[in-house]
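*Asks:* sequence below, structure please.
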Amino acid sequence: MENSLDISKQALWQIMERVSDPEIPVLSVVDLGIIRDILVHPEWIEIVYTPTYSGCPAMDVIRGEIKKALEERGWHTVKLTQKLSPAWTTDWMTEEGKRKLRDFGIAPPVAGGPAPHPVSCPHCGSARTELLSQYGSTACKALYRCMDCLEPFDYFKCH
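*Replies:* As a prediction, this is how the structure comes out:
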């Protein structure tokens, strides 16, 4: 079994890359940008995170999955520190995460929000899209439809 004394921050970041968001399982917590820092102390590991928003229902599951991922590798003394300031922003998402969203059929956030910038269809790439509802499958997404391929899709809203 490994312990915090013989782990690098890089190895811990790699472990976090395997912790998925329960609402969008193609994204890791690293892709989302919610892991703010990883600290290796002599006797324990500290994961500093910022939720996508303060009432995010997935955070309990995410915290559990982070602890589980570390415990499976032998680290049982883990501190999870929530940091609310500065507030999470979609600017913290990785480019890889945005690509994964698009490949999954969800339009990634566009800097500056959907208006005045068009939201491109993740299915065909068309910018001829229309907003159907401010809320999609979760509160952090809006529902759009492509006017070329006629497919509906979620847009991950900017925050």
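*Asks:* mind listing what the spatially most central residue of the chain touches?
*Replies:* Ranked by distance to the mean C-alpha position of the chain (CA atoms, centre = their mean), the top residue is residue 32 at 2.4 Å. When contacts are counted by CB atoms under 8 Å, 6 or more residues apart in numbering, residue 32 touches 21, 52, 92-93, 97. Using the backbone N, CA and C atoms, a C-beta is placed for each residue, glycine as well.
*Asks:* and which of these is nearest to residue 139?
*Replies:* Using CB to CB, residue 52 comes nearest to residue 139 of the contacts of residue 32, at 9.8 Å.
*Asks:* neighbours around that closest one, how many?
*Replies:* Neighbourhood size, residue 52 [other CB atoms under 10 Å]: 25.
*Asks:* that one touches residue 141, doesn't it?
*Replies:* No: between residue 52 and residue 141 there is no contact under CB atoms under 8 Å: 11.2 Å.
*Asks:* how about the strands in the protein?
*Replies:* For the chain, the strands defined by DSSP state E occupy 35-40, 45-49, 78-82, 106-107, 129-133, 141-146, 152-156.
*Asks:* need those strands in CSV with mean pLDDT, can you?
*Replies:* Shown next, in CSV, are the strands of the chain (pLDDT from 0 to 100):
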stretch, mean pLDDT
strand 35-40, 96
strand 45-49, 96
strand 78-82, 96
strand 106-107, 96
strand 129-133, 95
strand 141-146, 94
strand 152-156, 95
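*Asks:* tabulate those in CSV, adding columns for mean neighbour count and distance to residue 122.
*Replies:* As requested, these are exported to CSV (neighbours: other CB atoms under 10 Å; distance: least, CB to CB, whole Å):
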stretch, mean neighbour count, distance to residue 122
strand 35-40, 16, 25
strand 45-49, 20, 27
strand 78-82, 14, 31
strand 106-107, 23, 5
strand 129-133, 14, 10
strand 141-146, 20, 9
strand 152-156, 22, 6
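*Asks:* can I get those in a markdown table including distance to residue 123?
*Replies:* Formatted as a markdown table, the strands of the chain follow (distance: least, CB to CB, whole Å):
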| stretch | distance to residue 123 |
| --- | --- |
| strand 35-40 | 30 |
| strand 45-49 | 32 |
| strand 78-82 | 36 |
| strand 106-107 | 9 |
| strand 129-133 | 10 |
| strand 141-146 | 6 |
| strand 152-156 | 7 |
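*Asks:* so where's the chain uncertain?
*Replies:* Along the chain, the model assigns pLDDT under 70 to residues 1-6, 112-116.
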